[in-house]
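S.K.: The following block contains a protein sequence and its predicted model.
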Amino acid sequence: GDSVTQMEGPVTLSEEAFLTINCTYTATGYPSLFWYVQYPGEGLQLLLKATKADDKGSNKGFEATYRKETTSFHLEKGSVQVSDSAVYFCALRGGGTSYGKLTFGQGTILTVHP
Amino acid sequence: DTEVTQTPKHLVMGMTNKKSLKCEQHMGHRAMYWYKQKAKKPPELMFVYSYEKLSINESVPSRFSPECPNSSLLNLHLHALQPEDSALYLCASSQVPGGGPQHFGDGTRLSIL
């Protein structure tokens, strides 16, 4: 079955540091890939997405590239802010008759200090 | 601001109570989802509605009963819950099943006494 593996956290950075959160996946066919962010006390917000190989998703300074050859979708940001502190989930949506079911990674807690 | 609205935001209930969670979206989406999220864990899919019909039930106990009265509304009826059912319940929607990203509400935090 489909699976997503994220780097274990928590990740602690200073403001303006470079961020990478690794995400690799296992899936049949051609899944769509997503990064969601969850701030304390809130639901999940879609951060970015990519639907085919070599697509680059970007939003709010975050970027991730769909790499089929390495089955990866790593999240990066050049300069993090305190307001980026949250839990980040990598997810995939398989094709076929999955009715849009999302498979999530375990989540990575990011804390950014001033 | 989230485009998927969930009420109530918080709910405390006893094990013998009956209550309902409500979810509403006005984006014209035809797929709606219920998830359960425990602390520090990813969401777990419970139910999927596709064009107002139940498409997926992930072996959820019968004390959880979903209902989709129309294309904008999704309810989750709760009865005789257990303490381990305490969690954040998230609703999501997408344009069609398997099409477009899922948009989540802020959830209902449920506590079972």
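M.R.: Thanks, I have it.
S.K.: in chain B, what secondary structure element scores lowest on mean pLDDT?
M.R.: Counting by mean pLDDT, DSSP states H and E, the weakest-scoring helix or strand in chain B turns out to be strand B:53-57, with a mean of 92.
S.K.: Run me through the strand neighbours of that one, direction for each.
M.R.: Here strand B:53-57 has these sheet partners by DSSP bridges: strand B:44-50 (antiparallel).
S.K.: Now do the strand it pairs with: everything it contacts.
M.R.: Residues from elsewhere that reach strand B:44-50 (Cβ atoms under 8 Å, 6 or more residues apart in numbering or on different chains): A:99-102, B:30-38, B:54-58, B:60, B:64, B:66, B:68, B:74, B:76, B:96-97. The way it works is simple: take the backbone N, C-alpha and C, and place the C-beta from them, glycine included.
S.K.: give me that answer again for 6 Å
M.R.: For strand B:44-50, contacts defined as Cβ atoms under 6 Å, 6 or more residues apart in numbering or on different chains pick out A:99, A:101, B:31-36, B:55-58, B:60, B:66, B:68, B:97.
S.K.: contacting residues around residue B:89?
M.R.: B:21, B:36, B:108, B:110.
S.K.: To clarify, my last question referred to residue B:101.
M.R.: A:46, A:49.
S.K.: Filter the contacts of residue B:89 down to the ones in helices?
M.R.: Under the assignment DSSP state H, those contribute nothing to helices.
S.K.: Out of the residues you listed, who's the most crowded?
M.R.: residue B:108 (23 neighbours; other Cβ atoms under 10 Å in any protein chain shown).
S.K.: picking that back up, ok, which of the contacts of residue B:89 also contact chain A?
M.R.: By Cβ under 6 Å from any Cβ of the partner chain, no member of those lies near chain A.
S.K.: Mind checking which of the residues you listed land in strands?
M.R.: Members of these lying in strands (criterion: DSSP state E): B:21, B:36, B:108, B:110.
S.K.: now, which of those sits nearest residue A:94?
M.R.: Nearest to residue A:94 among those: residue B:36, at 20.4 Å, using Cβ to Cβ.
S.K.: just to revisit the earlier point, so which of the contacts of strand B:44-50 comes closest to residue A:27?
M.R.: Using Cβ to Cβ, the contacts of strand B:44-50 come closest to residue A:27 at residue A:101, 11.5 Å.
S.K.: can you count the residues close to that closest one?
M.R.: 19.
S.K.: Please report the distance of the closest residue to it other than its chain neighbours from residue B:60.
M.R.: In this structure, residue A:101 finds its nearest non-sequential neighbour in residue B:45, 5.9 Å apart by Cβ to Cβ, 6 or more residues apart in numbering or on different chains. Separation of residue B:45 from residue B:60 (Cβ to Cβ, to the nearest Å): 9 Å.
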